[in-house]
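> I need the structure of the sequence given here:
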Amino acid sequence: MSGLSTRVDLAVRGIRGLDTPVRRQSGAGPSDDGHVLIGGLGGAIPVRSDSPYEVSGNRLLMNGTDMGVDIEAVQRPRFYDLRTSDGVSYEKIARLHGANVLATTVVQTCIRYDADQRCRFCSIEASLEAGSTIAVKRPEQLAEVAEAAVRLDGVSQMIMTTGTSAAKDRGARHLARCVAAVKAAVPALSIQVQCEPPGDLATITDLREAGADSIGIHVESMDDDVRRRWMPGKSTVPLDEYRAAWREAVRVFGRNQVSTYLLVGLGEDSDELVSGAAELIEMGVYPFVVPFRPLAGTLAVDEDGAEAPSAEVLEDVTSRVARELQAAGMRGADQKAGCAACGACSVLQNAGG
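Presented below is the predicted three-dimensional model:
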């Protein structure tokens, strides 16, 4: 099995009994994953009791055979031990993702969370219900946590996402206030913001002027049938509105500083998925190709019994999109901050994208 094939297999089948101090459970994105370094590259790997893989020492084993791959768990950051002056744990305000990424959902509620509107792979409000986070992160709280994470744990980039609000800006203006506060406290910290297309495209400039270095406007699929099935609420925002927002974001932030998630395993034809990725690349948008992974507490699991894509499909799509990125001279590592810059939830960086 090649190195890429092994990494793809891990993304889908996970690791049995993986012991990782940094682990994300529930939330808006790929979750229930342990954060590790695989041959020095970040990886967010599902923890699955049925996986043929396990770790012994710092070596990856498959059915007891050493695969020749080093795996090192990301250690618990020191800033988790701190609290704000009003007693809120820093860990409830922002979390470590990978080895050096600070991530937060600035508003942990979403207008699309009713069962008939919810993205079927999302559990954004589950962590709030579990008491592991707070509903709204204030700008001054985020600035305090970011300063500590940089000073104590060497965090080098930050991701700020948000649940969608009912306002015209869909939550982007609160993101801008949070970015400005963090930049005032730690000017050198690179920040990616993530939101739906704001109703007024001028808001994209507001985010940039607040200090955001890159932006993610996440569509998950370029196929309208797939969008209606998996994202009934978000699918009411037309793809042409996404395209307008991506183009404006590329104008404001620059080529390859804009990204969007594309999920493999939602039933979309692989050729169409790769074609959609190629359209995004031509616009200057990085298509962050990630496997759909069933997450406990989501409608995809509780009602659909959905399963992750096969390793063969994921490797095929990822390799083809990576070649498109290479031909365009675009790499995730060249983004200043964000999911593509981190790369842990995808296999694109392993494939040369």
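
> Show me where this protein has its helices.
Ranges of helices in the chain, per DSSP state H, are 3-13, 126-129, 139-153, 172-185, 202-210, 224-230, 239-253, 270-283, 299-302, 311-328, 339-342.

> got a markdown table for the ones you listed, with mean pLDDT too?
Below are those laid out as a markdown table (pLDDT from 0 to 100):
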| stretch | mean pLDDT |
| --- | --- |
| helix 3-13 | 91 |
| helix 126-129 | 87 |
| helix 139-153 | 98 |
| helix 172-185 | 97 |
| helix 202-210 | 98 |
| helix 224-230 | 97 |
| helix 239-253 | 98 |
| helix 270-283 | 98 |
| helix 299-302 | 84 |
| helix 311-328 | 97 |
| helix 339-342 | 95 |
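
> Throw those helices into a markdown table and include mean neighbour count, thanks.
For glycine as for every other residue, the C-beta is placed from the backbone atoms N, C-alpha and C. What follows is the helices of the chain, written out as a markdown table (neighbours: other C-beta atoms under 10 Å):
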| stretch | mean neighbour count |
| --- | --- |
| helix 3-13 | 21 |
| helix 126-129 | 18 |
| helix 139-153 | 21 |
| helix 172-185 | 22 |
| helix 202-210 | 19 |
| helix 224-230 | 17 |
| helix 239-253 | 18 |
| helix 270-283 | 18 |
| helix 299-302 | 17 |
| helix 311-328 | 19 |
| helix 339-342 | 28 |
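
> Take the ones you listed and write them to CSV, including distance to residue 37.
Below are the helices of the chain laid out as CSV (distance: least, C-beta to C-beta, whole Å):
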stretch, distance to residue 37
helix 3-13, 12
helix 126-129, 25
helix 139-153, 15
helix 172-185, 26
helix 202-210, 31
helix 224-230, 31
helix 239-253, 29
helix 270-283, 27
helix 299-302, 28
helix 311-328, 20
helix 339-342, 12
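
> Longest strand in the chain, please.
Of all segments of type strand in the chain, defined using DSSP state E, the longest is strand 65-73.

> For that strand, which strands pair with it and how are they oriented?
Strand 65-73 has the following sheet partners, assigned by DSSP bridges: strand 33-38 (antiparallel), strand 59-62 (antiparallel).

> List of residues touching the last one?
Right, the one you point to is strand 59-62. If you take C-beta atoms under 8 Å, 6 or more residues apart in numbering as the criterion, strand 59-62 is touched by 6, 10, 15, 38, 52-55, 66-71.

> do that again at 10 Å, thanks
Here strand 59-62 makes contact (C-beta atoms under 10 Å, 6 or more residues apart in numbering) with 1, 6, 9-10, 13, 15-16, 36, 38-39, 51-55, 66-71.

> in the longest strand of the chain, what's buried?
Within strand 65-73, the residues that count as buried by 16 or more other C-beta atoms under 10 Å are 67, 69, 71, 73.

> Could I get the CA-only coordinates of that strand as PDB?
Extracted in PDB, the C-alpha atoms of strand 65-73 (Å, rounded to 0.1, in the frame of the first residue of the first chain):
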ATOM      1  CA  THR A  65       2.000  -5.300  10.800                       C
ATOM      2  CA  ASP A  66       4.200  -2.200  11.000                       C
ATOM      3  CA  MET A  67       3.300   0.100   8.200                       C
ATOM      4  CA  GLY A  68       6.500   2.100   8.400                       C
ATOM      5  CA  VAL A  69       4.600   5.300   9.400                       C
ATOM      6  CA  ASP A  70       5.300   7.500  12.400                       C
ATOM      7  CA  ILE A  71       2.300   8.800  14.300                       C
ATOM      8  CA  GLU A  72       2.600  11.300  17.100                       C
ATOM      9  CA  ALA A  73      -0.400  12.600  19.100                       C
END
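
> Next, the angle from that strand to helix 3-13.
With axes from the mean of the first three to the mean of the last three C-alpha atoms, to 10 degrees defining the directions, strand 65-73 sits at 70 degrees from helix 3-13.

> Read off the pLDDT value for residue 308.
At residue 308, the model reports a pLDDT of 89.

> pretty sure it is touching residue 10, no?
No: the pair residue 308 / residue 10 is not scored as a contact, 11.6 Å apart, by C-beta atoms under 10 Å.
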